[in-house]
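Q: here is the input, now give the coordinates:
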Amino acid sequence: YKFPSDRDRFTITDDENDKRTGWDVFTLTYDVPTPLTAIVHPNAMEIYSRVFSLLFFLKRVEYVLNSTWRQSAALHHALIKSAQYNGFDLADNEGYACATIFLRNISMIRQSMLHFVGKLQSYFMFEILEGGWKRLERQIKAASTLDQVIEAHNHYLQDVLRGCLFQESTDGDGSHHQQSQL
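A: Okay, here's the model as predicted:
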């Protein structure tokens, strides 16, 4: 028996009847080969799908924010060209000064948002997913039974859910630390 390549296991889903955009409905699924389904069960695949959707959404936000930068730059350029075409002195034009201040404020807010989105992506990717994956690898190497491997993977998934803010975090005494649900 020849196992199919990993490339053949990925599928992209797009429902033609759905009126949402590709950003909203795009999903990536992976068909887990039969021996591994004991560890990577359907519930685990749902969790991986939720995390993928979150990361994909953050990429969309980053894309939209970058698009607004391009639009602002084009608007600023158009203001300058329009003023030059109509013979306005930009140094003395109050309307141009107000528009420039407004565009500068928009730019500062956009940069703050881009910074936040970038830091959030980094946190999810490197602190939660990669850091947790390294712990999972160590636990799998130390495991001596299949049940220990399954338990390690399930623990990793729970850590990912908490780290990506999908699940409330509780202390040993039962107190809640975060109430945010995505």
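Q: got the contact list for the most centrally placed residue in the chain?
A: Centroid-nearest residue in the chain: residue 55, 2.0 Å away (criterion: C-alpha atoms, centre = their mean). Residue 55 sits next to 121, 124-125 when contact means C-beta atoms under 8 Å, 6 or more residues apart in numbering. For the C-beta atoms, the positions are set from N, CA and C on the backbone; glycine is no exception.
Q: neighbouring contacts of stretch 95-106?
A: Here stretch 95-106 makes contact (C-beta under 8 Å, 6+ apart) with 68, 72, 75-76, 79, 83, 88, 90.
Q: buried residues in it?
A: Of all the residues in stretch 95-106, those buried under the rule 16 or more other C-beta atoms under 10 Å are residue 96.
Q: and the residue nearest to the centre of the chain, what element?
A: Taking DSSP states H and E as the definition, residue 55 sits inside helix 42-85.
Q: with residue 106 instead?
A: Going by DSSP H and E, residue 106 is in helix 94-122.
Q: I'd like the average pLDDT over that helix.
A: Across helix 94-122, pLDDT averages out at 92.
Q: picking that back up, ok, the contacts of stretch 95-106 vs residue 26, which is closest?
A: Set against residue 26, the nearest of the contacts of stretch 95-106 by C-beta to C-beta is residue 68 (21.5 Å).
Q: residues touching the closest one, list them.
A: The contact partners of residue 68, taken as C-beta under 8 Å, 6+ apart, are 106, 110.
Q: low pLDDT regions in the chain?
A: For the chain, the stretches with pLDDT under 70 are 1-24, 168-182.
Q: go with 80
A: The model of the chain has pLDDT under 80 over residues 1-29, 86, 88-91, 93, 167-182.
Q: may I have the phi/psi pair for residue 31?
A: Here is the backbone geometry of residue 31 (degrees, to the nearest 10): phi -90, psi 110.
Q: state the distance from it to residue 25.
A: 20 Å (C-beta to C-beta, to the nearest Å).
Q: before we move on, what about residue 45?
A: Using C-beta to C-beta, residue 45 is found at 18 Å from residue 25.
Q: so residue 121 sits right up against residue 58, yeah?
A: Yes. Judged on C-beta atoms under 8 Å, residue 121 makes contact with residue 58 at a distance of 5.2 Å.
Q: which one's more surrounded, residue 45 and residue 25?
A: Using other C-beta atoms under 10 Å as the criterion, residue 45 and residue 25 rank with residue 45 on top: 15 against 12.
Q: quick check: next helix or strand after the helix holding residue 106?
A: helix 131-142.
Q: after that next one, which helix or strand is next?
A: Using DSSP H and E, the helix or strand that follows helix 131-142 towards the C-terminus is helix 146-163.
Q: quick check: buried residues in that following helix?
A: 149-150, 152-153, 156-157, 159-163.
Q: rewinding a little: ok, and the most crowded of the contacts of residue 55?
A: residue 124 (19 neighbours).
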